[in-house]
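Novice: sharing a model that was predicted from the sequence below.
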Amino acid sequence: MTFVARLLASSAIEIDPKIEERIAARAAVLWAETGLSAGYIERQMRFAVGACERFWVVARVRPGHELQTGEALKAFGFDHWAPVETLRFPPRRGMKARMITRPLFCGYVFVRAGLDPRALSGLAVIAGIAGYLSGKGDGAGVAVLPEKLMKELQIKALAVRDRDVKPAFKAGQSVQINDGHLAGFVGTVRRIYGRKGRADVVINCFGGETRTNLALDALTKSD
């Protein structure tokens, strides 16, 4: 029996045969994509799946892939939380009202995982995780979220998951730029991209008019 097999045999968690099949299938795909040994990849994933003690950590994922990552975690038996919010935008310019559902924490998924580096590495292989939030902000150790904090976050998320959005700006409005290399300039909104959370703003600088595309949260109404 290999060291990994002995380690997992001593764990309180017995790997489900269906998950074993998914581990083998995932390893085959990654072997074809990366050329890494399928056996090595399987061992990494078994460390994650076989972890006995699990704690809430925050995984970094590609923005827009939060739900996809959540589905992968669910398929391998991991508790996770990837909340979404639904925004209702009012009708404008003859267009109907629309609704947008998006991740509440863009680029992050909460997952209950083992803290052993090999388990975290295997989890990254399973779900395409880019990394984890560190405990001290310096990469030294993974931040562990207490159960109490997780419950508080989940309660707060329920309060904002479904809300109406009122446009903060409109075309022709004067705004001040508060962020970036143009901070301090005053300009005029030309077009708003509500879905992207951005706007085209025209400012007078450098001897003429300059049009730039900015995030809405970088703007405030000018007096």
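Specialist: That came through, no problem. Note that the structure is predicted; figures quoted are calculated from it, not measured.
Novice: for the helix ranked longest in the chain, buried residues please.
Specialist: Counting by DSSP state H, the longest helix found in the chain is helix 17-34. Going by neighbour count (16 or more other C-beta atoms under 10 Å), the buried part of helix 17-34 is 19, 22-23, 26-27, 30-31. For the C-beta atoms, the positions are set from N, CA and C on the backbone; glycine is no exception.
Novice: cool, and stretch 216-223?
Specialist: 216, 218-219.
Novice: strands of the chain, start to end?
Specialist: Secondary structure of the chain (DSSP state E): strands located at 55-60, 80-81, 84-89, 98-103, 108-113, 131-132, 162-164, 174-177, 186-193, 198-205, 208-215, 219-221.
Novice: make JSON lines out of those strands and add distance to Lys156 and mean pLDDT.
Specialist: As requested, the strands of the chain are arranged in JSON lines below (distance: least, C-beta to C-beta, whole Å; pLDDT from 0 to 100):
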{"stretch": "strand 55-60", "distance to Lys156": "15", "mean pLDDT": "96"}
{"stretch": "strand 80-81", "distance to Lys156": "12", "mean pLDDT": "96"}
{"stretch": "strand 84-89", "distance to Lys156": "11", "mean pLDDT": "78"}
{"stretch": "strand 98-103", "distance to Lys156": "15", "mean pLDDT": "80"}
{"stretch": "strand 108-113", "distance to Lys156": "13", "mean pLDDT": "96"}
{"stretch": "strand 131-132", "distance to Lys156": "22", "mean pLDDT": "94"}
{"stretch": "strand 162-164", "distance to Lys156": "13", "mean pLDDT": "67"}
{"stretch": "strand 174-177", "distance to Lys156": "30", "mean pLDDT": "89"}
{"stretch": "strand 186-193", "distance to Lys156": "28", "mean pLDDT": "89"}
{"stretch": "strand 198-205", "distance to Lys156": "26", "mean pLDDT": "87"}
{"stretch": "strand 208-215", "distance to Lys156": "24", "mean pLDDT": "84"}
{"stretch": "strand 219-221", "distance to Lys156": "25", "mean pLDDT": "85"}
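Novice: out of the buried residues of helix 17-34, who's nearest Ile203?
Specialist: Comparing the buried residues of helix 17-34 against Ile203 with C-beta to C-beta places Leu30 closest, at 48.5 Å.
Novice: pretty sure that closest one contacts Ile41?
Specialist: Yes. At 5.2 Å, Leu30 counts as touching Ile41 under the criterion of C-beta atoms under 8 Å.
Novice: what residues are shared contacts of these two?
Specialist: Residues touching both Leu30 and Ile41 (C-beta atoms under 8 Å, 6 or more residues apart in numbering) are Val125.
Novice: mind saving the C-alpha coords of the longest helix of the chain as PDB?
Specialist: The C-alpha trace of helix 17-34 is given here as PDB (Å, rounded to 0.1, in the frame of the first residue of the first chain):
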ATOM      1  CA  PRO A  17     -16.800   5.100  -5.800                       C
ATOM      2  CA  LYS A  18     -18.600   7.700  -7.900                       C
ATOM      3  CA  ILE A  19     -16.100  10.400  -6.800                       C
ATOM      4  CA  GLU A  20     -13.300   7.900  -7.500                       C
ATOM      5  CA  GLU A  21     -14.600   7.700 -11.100                       C
ATOM      6  CA  ARG A  22     -14.700  11.500 -11.300                       C
ATOM      7  CA  ILE A  23     -11.100  11.700 -10.000                       C
ATOM      8  CA  ALA A  24      -9.900   9.300 -12.700                       C
ATOM      9  CA  ALA A  25     -11.900  11.200 -15.400                       C
ATOM     10  CA  ARG A  26     -10.500  14.600 -14.300                       C
ATOM     11  CA  ALA A  27      -7.000  13.300 -14.100                       C
ATOM     12  CA  ALA A  28      -7.300  11.900 -17.700                       C
ATOM     13  CA  VAL A  29      -8.400  15.300 -19.000                       C
ATOM     14  CA  LEU A  30      -5.600  17.200 -17.200                       C
ATOM     15  CA  TRP A  31      -3.100  14.600 -18.300                       C
ATOM     16  CA  ALA A  32      -4.100  15.300 -21.900                       C
ATOM     17  CA  GLU A  33      -4.000  19.100 -21.400                       C
ATOM     18  CA  THR A  34      -0.800  19.400 -19.400                       C
END
